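Student: Predicted model, plus sequence, below.
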Amino acid sequence: MNLKYTLSGYIYISPEDDCKETVDAMLATNYEGDFCIAEGFDPEFVSRLMEAGFLVMSINIAKSENIPDYIMLPKLHLVRSALFFENLHIKKSIKRFLNRYELKADAEFEKIINRCVEKHGNDWLTPPLVDCIKKIRQNVISNNKKSIEYNTSQQIKDSPPLIPNSSLPYPASFALYRDGKLAAGEFGIVCGNIYTSYSGFYEETNAGTVQLIHTARYLKENGFSFFDLGMPLDYKTGLGAADISPEEFIRLWRGEE
């Protein structure tokens, strides 16, 4: 595949491109950047980018504040943070908080994604990207709706894994409650048996860490391969996440031996 580049040296991906072949070509040519550039927010195109292993971000490149000009930034991290469940590390200081909360999978998705924007701004979670993610979710739900709940004080019984359609990326959420009140949450993308975290928030001290721990436990119990945490950060490493190369990530993403 012949890669296309912008004048500034970024790989350009169009809706006509095979996104998986683009990834192969990026790895084969040792592309030195994390980001590519793509235009348009068609749900089918964005879904194919996600399926290929990109974490899809966005940015406003407009010179005028009054007329936004949004582009997509599909990201294939040069270093990816992956939490393999056998490596999950729970600090003694956080263990006493775990039973105070209840985790629900795939709950309050719109509230959670909107709260992420409120908390962190729309620098990369731009309005057209958020709208596109919501449309992708709704498209999958309309074909195969599945919603499950996980109570941290009970064993899961007869609850199907959070994989509405293993062949299509599915935007999903995890909500953490304390006494019925939303204390933390995050959203991301389920693709096959991997969950990729996009963004999260917390409303009280320690709730964010508790949510990540319970989410990791949920993913393990429901047959996921690992917890894809995206960009490496200290708090992720503290949970036991490992830094892996893009080649290793894509191998795992595709389920290759």
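Tutor: Ah, there it is. Numbering: from 1, shown residues only.
Student: C-alpha from now on. contacts and neighbour counts both.
Tutor: OK.
Student: can you pull the buried residues of the longest helix anywhere in the chain?
Tutor: For the chain, the helix with the greatest residue count under DSSP state H is helix 127-143. Within helix 127-143, the residues that count as buried by 16 or more other Cα atoms under 10 Å are 127, 128, 129, 130, 132, 133, 134, 135, 136, 137, 140, 141.
Student: Redo the residues you listed as CSV? Include distance to residue 2.
Tutor: Formatted as CSV, the buried residues of helix 127-143 follow (distance: Cα to Cα, whole Å):
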residue, distance to residue 2
127, 32
128, 29
129, 27
130, 30
132, 28
133, 29
134, 32
135, 31
136, 29
137, 32
140, 32
141, 36
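Student: of these, the lowest pLDDT goes to which?
Tutor: Sorting those by pLDDT puts residue 141 at the bottom of the list (84).
Student: Give me the distance between that one and residue 55.
Tutor: To residue 55, residue 141 is 21 Å away according to Cα to Cα, to the nearest Å.
Student: now swap in residue 143 and tell me
Tutor: To residue 55, residue 143 is 24 Å away according to Cα to Cα.
Student: ok, which stretches of this structure are strands?
Tutor: Using DSSP state E, the strands of the chain run over 4-5, 11-13, 37-38, 55-60, 70-75, 80-83, 102-105, 170-178, 181-191, 194-202, 226-230, 242-244.
Student: now those in a markdown table, with mean neighbour count, mean pLDDT and distance to residue 211?
Tutor: Converted to a markdown table, those look like this (neighbours: other Cα atoms under 10 Å; pLDDT from 0 to 100; distance: least, Cα to Cα, whole Å):
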| stretch | mean neighbour count | mean pLDDT | distance to residue 211 |
| --- | --- | --- | --- |
| strand 4-5 | 13 | 95 | 40 |
| strand 11-13 | 20 | 97 | 35 |
| strand 37-38 | 20 | 96 | 32 |
| strand 55-60 | 21 | 97 | 21 |
| strand 70-75 | 22 | 97 | 25 |
| strand 80-83 | 22 | 98 | 14 |
| strand 102-105 | 24 | 95 | 7 |
| strand 170-178 | 25 | 95 | 6 |
| strand 181-191 | 24 | 96 | 7 |
| strand 194-202 | 22 | 97 | 9 |
| strand 226-230 | 22 | 97 | 13 |
| strand 242-244 | 18 | 98 | 19 |
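Student: which stretch among these comes nearest residue 118?
Tutor: strand 194-202 (9.6 Å; Cα to Cα).
Student: can you pull the contacts of the residue nearest to residue 32 when sequence neighbours are not counted?
Tutor: Closest residue to residue 32 apart from its sequence neighbours, by Cα to Cα, 6 or more residues apart in numbering: residue 78 at 7.8 Å. Shown in contact with residue 78 (Cα atoms under 8 Å, 6 or more residues apart in numbering): 32, 33, 34, 245, 246.
Student: Show the contacting residues for the third one.
Tutor: Looking back up the chat, that one is residue 34. Residue 34 sits in contact with 75, 76, 77, 78, where contact means Cα under 8 Å, 6+ apart.
Student: Residue 193: which of these is nearest?
Tutor: Taking Cα to Cα as the measure, residue 193 sits nearest to residue 76 out of the contacts of residue 34, at 18.7 Å.
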